[in-house]
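In: Quick one, what's the 3D model for this:
(chains A and B)
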Amino acid sequence: DGGITQSPKYLFRKEGQNVTLSCEQNLNHDAMYWYRQDPGQGLRLIYYSQIVNDFQKGDIAEGYSVSREKKESFPLTVTSAQKNPTAFYLCASSIVDRGLDGYTFGSGTRLTVV
Amino acid sequence: AQSVSQHNHHVILSEAASLELGCNYSYGGTVNLFWYVQYPGQHLQLLLKYFSGDPLVKGIKGFEAEFIKSKFSFNLRKPSVQWSDTAEYFCAVDTDKLIFGTGTRLQVFP
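Out: Model (predicted):
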């Protein structure tokens, strides 16, 4: 079955450590996205990529970094510069000409920094 | 920059009541519009979407939404809610990326 896999589901890290969240898709989608979900703030776009080796900042990119070396993978690194990293992180993908297919979302990673 | 506003942050209804959740967006060009739902402990699911054509869109579970271009609105409606509709609802606008509103928490009491 095609879909998006985010791993791990829960992640704990100590303050000051960088952490990388995995997002893999086997849908042959061109575009991939990272969102952060916080209570009362909805989903906010961190980074997105519409093609391999290219990506753009979203609304809250500070303290995060991404790479897009392969079409299937779009890992997100939460760096120590991110002031409030504890959150729920969602990955999504889509074809560039989205038509009727819309977006596919992963099941998310809940990051807790202690 | 495009943005999405959901003015109802928390809505409480009794079963069988009618529902309307507001969504307004700011973007001057052609948009695709979505409503997503997130049930407690579950991930996002697509309720309905508008790309073109009939501005009244029907989705799953009896939900519908109307796109009013002149008002930049895409309000979600359901004539009679059920307890199982308790969830968080997100409106989203797609131009070259998907931007979400802050969400509306709906609680339905039996």
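In: Now do the phi/psi pair for B:Gly62.
Out: Reported as degrees, to the nearest 10, the phi and psi values for B:Gly62 are phi 80, psi 10.
In: in the sheet, who's paired with A:Ala92?
Out: Note on A:Ala92: beta-bridge partners by DSSP bridges are A:Tyr33, A:Phe105.
In: Those residues of chain B touching chain A, which are they?
Out: For chain B, the residues in contact with chain A (Cβ under 8 Å from any Cβ of the partner chain) are B:6, B:9, B:32, B:34, B:43-44, B:46, B:49, B:51, B:90, B:94, B:96-103. For glycine as for every other residue, the C-beta is placed from the backbone atoms N, C-alpha and C.
In: Show me those that map onto strands.
Out: Filtering the residues of chain B next to chain A for membership in strands, criterion DSSP state E, returns B:Asn32, B:Phe34, B:Leu46, B:Lys49, B:Phe90, B:Asp94, B:Leu98, B:Ile99, B:Phe100.
In: and A:Val52, what does it touch?
Out: By Cβ atoms under 8 Å, 6 or more residues apart in numbering or on different chains, A:Val52 lies in contact with A:Arg68, A:Glu69, A:Lys70, A:Lys71.
In: now do B:Ala65
Out: If you count contacts by Cβ under 8 Å, 6+ apart, B:Ala65 has them with B:Cys23, B:Leu33, B:Trp35, B:Leu48, B:Tyr50, B:Leu56, B:Val57, B:Gly59, B:Phe74, B:Asn75, B:Leu76, B:Arg77.
In: ok, the second one touching B:Tyr27?
Out: So that's B:Leu33. No - here B:Leu33 lies out of contact with B:Tyr27, judged by Cβ atoms under 8 Å, at a distance of 10.2 Å.
In: for the residue lying closest to B:Gly22 once chain neighbours are set aside, phi and psi?
Out: Leaving aside its chain neighbours, B:Gly22 sits nearest to B:His7 (4.8 Å; criterion: Cβ to Cβ, 6 or more residues apart in numbering or on different chains). The main-chain torsion angles of B:His7 are listed as degrees, to the nearest 10 and equal phi -80, psi -30.
In: Let me know whether B:His7 touches B:Ser73 as I believe.
Out: No - under the criterion of Cβ under 8 Å, B:His7 is not in contact with B:Ser73, lying 10.5 Å apart.
In: Neighbour count: these two, which is higher?
Out: It is B:Ser73, of B:His7 and B:Ser73, that has more neighbours when counted by other Cβ atoms under 10 Å in any protein chain shown, with 17 against 11.
In: Between B:Leu33 and B:Tyr27, tell me which one has more neighbours.
Out: A count of neighbours by other Cβ under 10 Å puts B:Leu33 above the other of B:Leu33 and B:Tyr27, at 21 against 15.
In: who's that one bridged to?
Out: Residues in beta-bridge contact with B:Leu33 (DSSP bridges): B:Tyr50, B:Val93.
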